[in-house]
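Trainee: sequence first, predicted coordinates after that:
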6 protein chains.
Amino acid sequence: MRILVMNPNTTASMTASIRATATAAAAPDTEIIATEPLWGPESIEGHFEGYLSAAAVLDRLATLDITFDALVMAGFGEPGREGAQELLDVPVLDITESAAQMAMMLGHAYGIVTTLDRAVPQIEDRLLTAGLLQRCAAVRGTGLGVLELERDGERTVEVIIETAREAVRAGAEVICLGCGGMAGLQEKVAAALGVPVVDGVAAAVKFAEAVVGLGLTTSTGRSFAPPRPKAIGSWPLSAHLRPSPGRAQGSLRDAEFSAQTSGI
Amino acid sequence: MRILVMNPNTTASMTASIRATATAAAAPDTEIIATEPLWGPESIEGHFEGYLSAAAVLDRLATLDITFDALVMAGFGEPGREGAQELLDVPVLDITESAAQMAMMLGHAYGIVTTLDRAVPQIEDRLLTAGLLQRCAAVRGTGLGVLELERDGERTVEVIIETAREAVRAGAEVICLGCGGMAGLQEKVAAALGVPVVDGVAAAVKFAEAVVGLGLTTSTGRSFAPPRPKAIGSWPLSAHLRPSPGRAQGSLRDAEFSAQTSGI
Amino acid sequence: MRILVMNPNTTASMTASIRATATAAAAPDTEIIATEPLWGPESIEGHFEGYLSAAAVLDRLATLDITFDALVMAGFGEPGREGAQELLDVPVLDITESAAQMAMMLGHAYGIVTTLDRAVPQIEDRLLTAGLLQRCAAVRGTGLGVLELERDGERTVEVIIETAREAVRAGAEVICLGCGGMAGLQEKVAAALGVPVVDGVAAAVKFAEAVVGLGLTTSTGRSFAPPRPKAIGSWPLSAHLRPSPGRAQGSLRDAEFSAQTSGI
Amino acid sequence: MRILVMNPNTTASMTASIRATATAAAAPDTEIIATEPLWGPESIEGHFEGYLSAAAVLDRLATLDITFDALVMAGFGEPGREGAQELLDVPVLDITESAAQMAMMLGHAYGIVTTLDRAVPQIEDRLLTAGLLQRCAAVRGTGLGVLELERDGERTVEVIIETAREAVRAGAEVICLGCGGMAGLQEKVAAALGVPVVDGVAAAVKFAEAVVGLGLTTSTGRSFAPPRPKAIGSWPLSAHLRPSPGRAQGSLRDAEFSAQTSGI
Amino acid sequence: MRILVMNPNTTASMTASIRATATAAAAPDTEIIATEPLWGPESIEGHFEGYLSAAAVLDRLATLDITFDALVMAGFGEPGREGAQELLDVPVLDITESAAQMAMMLGHAYGIVTTLDRAVPQIEDRLLTAGLLQRCAAVRGTGLGVLELERDGERTVEVIIETAREAVRAGAEVICLGCGGMAGLQEKVAAALGVPVVDGVAAAVKFAEAVVGLGLTTSTGRSFAPPRPKAIGSWPLSAHLRPSPGRAQGSLRDAEFSAQTSGI
Amino acid sequence: MRILVMNPNTTASMTASIRATATAAAAPDTEIIATEPLWGPESIEGHFEGYLSAAAVLDRLATLDITFDALVMAGFGEPGREGAQELLDVPVLDITESAAQMAMMLGHAYGIVTTLDRAVPQIEDRLLTAGLLQRCAAVRGTGLGVLELERDGERTVEVIIETAREAVRAGAEVICLGCGGMAGLQEKVAAALGVPVVDGVAAAVKFAEAVVGLGLTTSTGRSFAPPRPKAIGSWPLSAHLRPSPGRAQGSLRDAEFSAQTSGI
């Protein structure tokens, strides 16, 4: 089967890292393809960027010319999954819920280590809506921004371990890595902590395999029925956006539009 | 003070109706301006359209060349508010939470009458995240789509009353009209039911006046801190979208881009 | 419109302070009148006094010879509101729920700074019943009694700020002042904390204006239907209490009966 | 030991019925005394009357010239218990919580049959605050007012049984009689239903015996610390109320003040 | 990998049916072995039998002379999983939680169709403890006993479909088959309902593959640390039970001890 | 009346201590008999042992040749009660729920002091299922194993007091002793803490007297209906277990089977 893994931000190096983790987790006969949106923020650290990214991801999904058996959305605590569930007829897993669900298979309570403190309430709200918050003992921020994670790998691991220890003291028996950019660090962190560490990308890939393996997909019975036919102005957006001059057509993982620095 | 009321869809007649309700609710010295996004769905009846609309609303907000003292977001059960809270330094009210909050001032439990049944779980989830679900006795759909509400006004009122009666039987002591497109019907429905009926647009306008009147605004302490500076590709979108040829520049309430029918 | 603000205790200086805060918050065309019960405790610091006060407030309301458009009850965490909602046909706001509701418009989670630690569970229970506890990050006592608040204003502000900082560390993004006697301190506290500070009296006045402005009032549909006709012995109490000899008839804010020191 | 059972309303025939039920439930060496307030409503069917009654009960407790080992408060869903817990140094049980607690010893979920439908949310709120709502499958009103219960005993039992059947269909495995005025009917109702029926007065008497038997009493550690010394105007109220002329001093169960019909 | 699937009752035909479903769900390189306890009830329809079965399953696990990579416990709503998690160092999945978790990947709310009505509260309690109840719209009993399921296959499917329809009307968007004995019926039920149907055995097998595939296992950090060394009388029980005379040693799926009919 | 108190482990000295506490708590005309299972673990410190014990207790109950009016199960946080409720037609109380329920009669929030930290989530889960967790401020482990409690009585009391103080700081107004092996220490702990201390064995005995005194017993209406007739292999287990040679028949409190040390 073929699983599409969607990095919600436009940073290609993060797509590469997520793709590597997904590929390592996948069964031998599972093909992983990974991409990112054609426009939108280079990292997602708040609601504003999350909502832009949600639309950018849906735009990307609406214009992709490939088929796949399941979608994994690799943004932690970020919005958009329900939209993809309506749009696609293949199952959609996301790494927040998948990490929590796998953690609940392994221990009584789990904790999440994420990037900035400002993400903590956002993640808690996603878990609340998902019906998965009850057994969450703690969500803790490391203070590291999403793009800082890649800068000093050793320091990143240290800070994650330290923060995870706090979560364990708060009752967590399993730790979830709460950012797609932490993919691949689970073994080092687990070795230091002595409790299982779940990477959401890996978990979501396995759950996608599980759901597809049973021939199941999203229910269209109520919440996630397909969108009703209607006029949507300038949709899909990327078909109406002016491409940057002199830019070659990208591959599945190349952004086709220019990323401009916005001071906001 | 000046309050901006944002219709989340691109249907100008709905903007007009929302503007009328907001104006009727506003204090004499409150100026109401209303607009809608420049692109996106003509109505919002699900998560997919909701996420598109959230980005379209943020895009509209980022490019509006006016000042205002508060924003009222007029989508019921729809996402995006937290993004606007990060983006703006004026208070942001939305009609879902405002309707529920005003209802809780008037009775022990409240009910919501909305459009399609598929919106019910989405509205419940918004209330859950908002911490306002506990005293919600029922959310009920009328079966009418958003744009159908305007078609046969009399029938619409009848169906709303009938559905509201079910909510009252389920324990609701106050009824909230659960769609921006129902704005203005509250008196007729209240007369028939004998319990207070809250229109979210009117409630949000009054709450915006209340918050502004006390000199308060959104906390930047954690969840709604301003977005961090970073590269956002093709942002703001409307600056990169190709305008339709031969289209005059619209007023605050005219869409500048073409609305194309998408069969999805 | 005319809003009656009811101080639940018999301390006239506290009525004056509450009246000042309410007046400062009110719109230019809103008339604020304030009073306190004719009998009962000079401050309310527990359930026993709260229940006495509830009856004293209802007695006061039943015998007041004035009309008003809304009632604001200025006791924080104290009982009685539902009784007034049954008794009156104008809307009734109280400062506990109003503070929490306004805080929820401004941030993701809020905290409350109150007087004695013993009030903490009582406040939490009021919020629980009101359906507003979910987004409360912390309720913290300053250790100052109600009447101590007025004694050393500077020290009071310092202690409130210090206690509010604990609530912020616990996740509060907005702080509510949890005692009618703290009315007027919100600006100093906000300046020190860097997050919005809500005074419940001010919030309740604005919400009263909002509800009255929309022509709404308490639902009589179920919980708050008017009392059924029946015999009530010695009611209203103040009509049966022996007035203190040599005491002139008080104004709206003068207690007509003697306050006796009870060692309990 | 001696248990004081307090009927919260002024209807002496209801005191007598409650006394009989309490006496039947008590151990041979337990003395039951029962009384009612000296003033206040003849029945309690809402919040307004409940708050008056709470103060009237506290007034009665403050002026009673007898000693007792425990207090049972016989109002179902009514306020005031926490005040008595602060005032007294003997344990205080009330029939709402006691009925629910005993029901939870007997089955997985319980239901409550009460008087008027308007009492339902009030009872649910008491259970919510008490932390006992989770296993409550249903609270249902019979439509009978408190004083109607005594009028046609046979009809009363029939209606209670019918209403209890609804609660059983909603999942209740045990039924609680939700009004002090239903005391004594439990056997007839149980025989018809085939599930255990708990009378709150009987349950509270047994729990009072249990608590006293172990030498335990209310914690003064925080919520229920004794009231702080302070001035309380006109307190205790009954010492300041004008007695009705020509009225003999009552026994423990005679109201000393006139009951006047108030049309409210 | 090798997954052990444990039927909690002693009915070998049910073990066979569960084995078949598990095998059909498993990946090609997954070996399924299935067995049942050596003693205990032939079906589990209540708490008493559930507790016997839990001990019998643990006894079976303690004496099995084979190795495996994960355990799937095939009792729906039944106790014992946490004991196996302590006892084993391989992951333990059970069909109640697995069904709910997979359902939550496919829809907003799910429903469960089980056997007898008496099992409903037991299942709800398991989901509550597991932290998975929030998104459960309904648990409904068919009225069929566990062993009746196999008697008239066609009637069984009809009754399951009918009961599932009720759950859908109550908001379920996905249906879980709530008994190991229903394994294999999911396709027929799904075809009739038009919403996804999850069989817990299949789901648990896929999740076991997922967990093992990532090299994860139960956390020993707190709740599920291995049992402490201590004296356990007559343990393991099957080593102390008198074998039935003239009985050959069974295979992995044959009970070695006599099943005696107990009228209880 | 006669109450059977069941120690869930096989340690006779603990049975003796529990019997002493129960006897001290019982009314003069209540006869206490106490026993323990004939097989199973010498102490219960986790789920595995808890499930063995549950079956051993049910086995003991099924083969006891005496009559009694109520059962008290003396394991704290341990499983099995619902099984006994199905099996017996007399009421069944357990010490976890009884301690919590009595604590809730005495204060607003309670805390539990137990043995090992690993028991904490297990106890919280029992309270959650029982619907009694809401008012639990803290469950704290002393770090002492069950059998260590008896070794150094003075040190045990000190550690319990120290741990209880933490619970009080977390909001507990009443402390529950969270292990049958702590029975009898309540007075010393209460004297040191200044808040009421509840021993679950004593509480359960009083509640058993209360329930029996009112002629009530477990509802057979749904959850706790008697087990259905069916084949149960090797049941009751003790009738099939090989007795140890040369062992005299025990009294009600002597184990008839050998306790073997299992290293697990």
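Mentor: The structure has been received and is ready for your questions.
Trainee: number of residues surrounding residue A:135?
Mentor: Neighbourhood size, residue A:135 [other C-beta atoms under 10 Å in any protein chain shown]: 22. No exception for glycine: its C-beta is placed from N, CA and C like everyone else's.
Trainee: okay, how far is it across stretch A:111-118, tip to tip?
Mentor: 16 Å (C-alpha to C-alpha, to the nearest Å).
Trainee: brain fart, stretch A:77-84
Mentor: From its first residue to its last, stretch A:77-84 covers 15 Å (C-alpha to C-alpha).
Trainee: and chain A, what are its domain boundaries?
Mentor: A:2-94+A:206-237, A:96-199 (automatic domain parsing).
Trainee: quick check: residue A:241 vs chain C, distance?
Mentor: Distance, residue A:241 to chain C, by C-beta to the nearest C-beta, to the nearest Å: 33 Å.
Trainee: check the gap between that residue and residue A:58 for me.
Mentor: Distance, residue A:241 to residue A:58, by C-beta to C-beta, to the nearest Å: 14 Å.
Trainee: which one's more surrounded, these two?
Mentor: Ranked by neighbour count (other C-beta under 10 Å), residue A:241 and residue A:58 place residue A:58 first, with 26 against 21.
Trainee: is stretch A:93-112 anywhere near chain B?
Mentor: No: Stretch A:93-112 is not in contact with chain B by C-beta under 8 Å from any C-beta of the partner chain; minimum separation 12.9 Å.
Trainee: in chain A, which residue sits closest to chain C?
Mentor: For chain A, the residue closest to chain C is residue A:121, as judged by C-beta to the nearest C-beta, at 4.7 Å.
Trainee: now do that residue, the pLDDT please.
Mentor: Residue A:121 is assigned a predicted lDDT (pLDDT) of 98.
Trainee: for it, grab the count of nearby residues.
Mentor: Neighbour number of residue A:121 under other C-beta under 10 Å is 25.
Trainee: so what's it up against?
Mentor: B:222, B:223, C:108, C:109, C:171 (C-beta atoms under 8 Å, 6 or more residues apart in numbering or on different chains).
Trainee: show the pLDDT at the last one.
Mentor: Residue-level confidence at residue C:171 comes out at 98, pLDDT.
Trainee: excluding sequence neighbours, find me the nearest residue to it.
Mentor: Nearest non-adjacent residue to residue C:171, counting by C-beta to C-beta, 6 or more residues apart in numbering or on different chains: residue C:137, 3.7 Å away.
Trainee: just to revisit the earlier point, make CSV from the contacts of residue A:121 and add secondary structure and neighbour count to it.
Mentor: Putting the contacts of residue A:121 into CSV (DSSP: H, G, I helix; E, B strand; the rest coil; neighbours: other C-beta atoms under 10 Å in any protein chain shown) gives the following:
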residue, secondary structure, neighbour count
B:222, coil, 22
B:223, coil, 24
C:108, coil, 30
C:109, coil, 25
C:171, coil, 22
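Trainee: so how far is chain D from the most centrally placed residue in chain A?
Mentor: For chain A, the residue nearest the mean C-alpha position is residue A:74 (1.6 Å; C-alpha atoms, centre = their mean). Separation of residue A:74 from chain D (C-beta to the nearest C-beta) stands at 37 Å.
Trainee: repeat for residue A:95
Mentor: The value you get for residue A:95 to chain D, if C-beta to the nearest C-beta is used, is 32 Å.
Trainee: before we move on, what about residue A:82?
Mentor: Here the criterion is C-beta to the nearest C-beta. By it, residue A:82 lies 29 Å from chain D.
Trainee: wait, that residue sits on residue A:224?
Mentor: Yes: between residue A:82 and residue A:224 there is a contact under C-beta atoms under 8 Å: 6.6 Å.
Trainee: any part of stretch A:185-198 near chain E?
Mentor: Yes: shown here: stretch A:185-198 in contact with chain E (C-beta under 8 Å from any C-beta) through A:194, A:195, A:196, A:198.
Trainee: related to what we said a few turns ago, residue F:30 is nearest to which of the domains of chain A?
Mentor: When these are compared by C-beta to C-beta, domain A:96-199 sits nearest residue F:30, at 38.4 Å.
Trainee: what about the closest one, distance to the chain center?
Mentor: How far domain A:96-199 lies from its chain's middle: 13 Å, per C-alpha atoms, centre = their mean, to the nearest Å.
Trainee: nearest residue to residue A:17 other than its sequence neighbours?
Mentor: residue A:183 is the one closest to residue A:17 (C-beta to C-beta, 6+ apart), at 5.7 Å.
Trainee: show me where the stretch 151-264 of chain A has its strands.
Mentor: Using DSSP state E, counting those that start in this stretch, the strands found in the stretch 151-264 of chain A span residues A:174-177, A:197-199, A:230-233, A:259-262.
Trainee: can I get stretch A:1-13 as PDB, trimmed to CA atoms?
Mentor: This file holds the C-alpha atoms of stretch A:1-13, laid out as PDB (Å, rounded to 0.1, in the frame of the first residue of the first chain):
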ATOM      1  CA  MET A   1       0.000   0.000   0.000                       C
ATOM      2  CA  ARG A   2       1.000   3.600  -0.500                       C
ATOM      3  CA  ILE A   3       0.800   6.100   2.400                       C
ATOM      4  CA  LEU A   4       1.100   9.800   1.800                       C
ATOM      5  CA  VAL A   5       2.700  11.600   4.700                       C
ATOM      6  CA  MET A   6       2.000  15.400   4.700                       C
ATOM      7  CA  ASN A   7       4.300  17.700   6.500                       C
ATOM      8  CA  PRO A   8       2.100  20.700   7.200                       C
ATOM      9  CA  ASN A   9       4.800  23.300   6.800                       C
ATOM     10  CA  THR A  10       6.900  24.300   3.800                       C
ATOM     11  CA  THR A  11      10.300  23.300   5.200                       C
ATOM     12  CA  ALA A  12      11.600  20.600   2.900                       C
ATOM     13  CA  SER A  13      14.300  19.400   5.300                       C
END
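Trainee: just the buried residues of it, please?
Mentor: For stretch A:1-13, burial by neighbour count (16 or more other C-beta atoms under 10 Å in any protein chain shown) applies to A:3, A:4, A:5, A:6, A:7, A:8, A:9, A:10, A:11, A:12.
Trainee: re earlier: the residue nearest to the centre of chain A contacts residue A:5, correct?
Mentor: Yes: between residue A:74 and residue A:5 there is a contact at 5.8 Å, judged by C-beta under 8 Å.
Trainee: so what sits against both of those two?
Mentor: Counting by C-beta under 8 Å, 6+ apart, the shared contacts of residue A:74 and residue A:5 are A:18, A:201.
Trainee: give the helix, strand or coil label for the residue of chain A closest to chain C.
Mentor: helix (DSSP: H, G, I helix; E, B strand; the rest coil).
Trainee: ok, it to chain E distance?
Mentor: 18 Å.
Trainee: okay, the domains of chain A in TSV with distance to residue E:155 next?
Mentor: Shown next, in TSV, are those (distance: least, C-beta to C-beta, whole Å):
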stretch	distance to residue E:155
domain A:2-94+A:206-237	25
domain A:96-199	34
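Trainee: now the helices for chain A?
Mentor: Applying DSSP state H to chain A gives helices spanning A:12-25, A:47-63, A:81-87, A:95-106, A:119-130, A:153-169, A:186-193, A:200-213, A:237-240.
Trainee: burial count for whichever residue of chain A sits closest to chain D?
Mentor: Closest to chain D within chain A is residue A:134: 13.4 Å, counting by C-beta to the nearest C-beta. For residue A:134, the count of nearby residues is 17 (other C-beta under 10 Å).
Trainee: near chain F, which residues of chain A?
Mentor: A:108, A:109, A:171.
Trainee: which of those sits closest to residue B:175?
Mentor: Among the residues of chain A next to chain F, and counting by C-beta to C-beta, the member closest to residue B:175 is residue A:109, at 40.0 Å.
Trainee: residue A:132 is in contact with the closest one, correct?
Mentor: No: the pair residue A:109 / residue A:132 is not scored as a contact, 11.6 Å apart, by C-beta under 8 Å.
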